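Trainee: sequence plus the predicted model coming up.
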Amino acid sequence: METLHTIAIRKSVRSFTSEPISEDVLQKLIAAGSAAPVGMGAHQTVKITVIQNDALIEQIRSMIEKAADRFNFNPFYTPNVLVVVSCLDDPSSKGRDISNATCVVENMHLAATDLGLGSVILWGCIKVMAELPEIHQLLEIPEDFIPLAGLSVGHTTEAIDKAKPDKKFLEVNVIR
Ligand SMILES: Cc1cc2nc3c(=O)[nH]c(=O)nc-3n(C[C@H](O)[C@H](O)[C@H](O)COP(=O)(O)O)c2cc1C
């Protein structure tokens, strides 16, 4: 697929089948994420955690549900793969860390589309996860790092090869 075509048809997908993502395809997704741009070239301040383990994803979901005090909370939408991007917890970065994490998940979101997979960027549940050190331990996230962005990925029965009919676009002001 052409890059611009992939960007044009990209959409958030929130329903996944139980079919596992193959190792070959997973490695392509990981390569796309790890090739993301990083502010000031500070690659050591960004870590990608890739979870392809149903029991662990369910364990984290359940911990978030409890912490958020929300019944039947399914913020990951039961994906085959959950990606969590963490960054060095450094107040002096003034948002650069969030931008870095977002570049990683957007790269992976586009790569998933190109590979015919469904995916959705996550932030709401990551915000809850950031406050739960027991999840950081489970995911082997260093103590001085904080989760800032996530992505759920999986096979889907939704059509990946076309944009949503009601796709919204941002307002643009071109100044010449
Ligand atoms: C920074 C960011 C955070 C998001 N967080 C969530 C989230 O926590 N849960 C969710 O279901 N979707 C989340 N989304 C997906 C948006 O809801 C989605 O991109 C938006 O509704 C537009 O739809 P589209 O992606 O299909 O074009 C997030 C997207 C971005 C860019």
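Mentor: Arrived safely, thanks for sending. Source: prediction; values computed, not measured.

Trainee: quick check: the gap between the closest residue to residue 10 other than its chain neighbours and the ligand.
Mentor: Leaving aside its chain neighbours, residue 10 sits nearest to residue 113 (4.9 Å; criterion: C-beta to C-beta, 6 or more residues apart in numbering). The C-beta positions use only the backbone N, C-alpha and C, and glycine is treated the same way. The gap separating residue 113 from the ligand is 10 Å, by C-beta to the nearest ligand atom, to the nearest Å.

Trainee: residue 113 against residue 158, yeah?
Mentor: No - judged on C-beta atoms under 8 Å, residue 113 makes no contact with residue 158 at a distance of 11.3 Å.

Trainee: in terms of neighbours, single out the busier of these two.
Mentor: Using other C-beta atoms under 10 Å as the criterion, residue 113 and residue 158 rank with residue 113 on top: 22 against 14.

Trainee: hmm, back to that, list the contacts of the residue nearest to residue 10.
Mentor: 1, 6, 9, 10, 11, 119, 160 (C-beta atoms under 8 Å, 6 or more residues apart in numbering).

Trainee: swap in residue 97?
Mentor: Contacts of residue 97 by C-beta under 8 Å, 6+ apart are 45, 46, 87, 88, 89, 90, 146, 148.

Trainee: next, give phi and psi for residue 74.
Mentor: phi -130, psi 70 (degrees, to the nearest 10).

Trainee: now for it: which residues touch it?
Mentor: Shown in contact with residue 74 (C-beta under 8 Å, 6+ apart): residue 61.

Trainee: from residue 83, how far off is it?
Mentor: 17 Å (C-beta to C-beta, to the nearest Å).

Trainee: dump stretch 7-15 to PDB, restricted to CA.
Mentor: Taking C-alpha atoms only, stretch 7-15 is exported to PDB below (Å, rounded to 0.1, in the frame of the first residue of the first chain):
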ATOM      1  CA  ILE A   7      -2.900   7.500   5.900                       C
ATOM      2  CA  ALA A   8      -6.100   8.200   4.000                       C
ATOM      3  CA  ILE A   9      -7.900   5.000   5.100                       C
ATOM      4  CA  ARG A  10      -6.500   4.800   8.600                       C
ATOM      5  CA  LYS A  11      -9.200   4.500  11.300                       C
ATOM      6  CA  SER A  12      -9.700   3.400  14.900                       C
ATOM      7  CA  VAL A  13     -10.800  -0.200  15.200                       C
ATOM      8  CA  ARG A  14     -12.200  -1.400  18.500                       C
ATOM      9  CA  SER A  15     -13.200  -5.000  17.800                       C
END
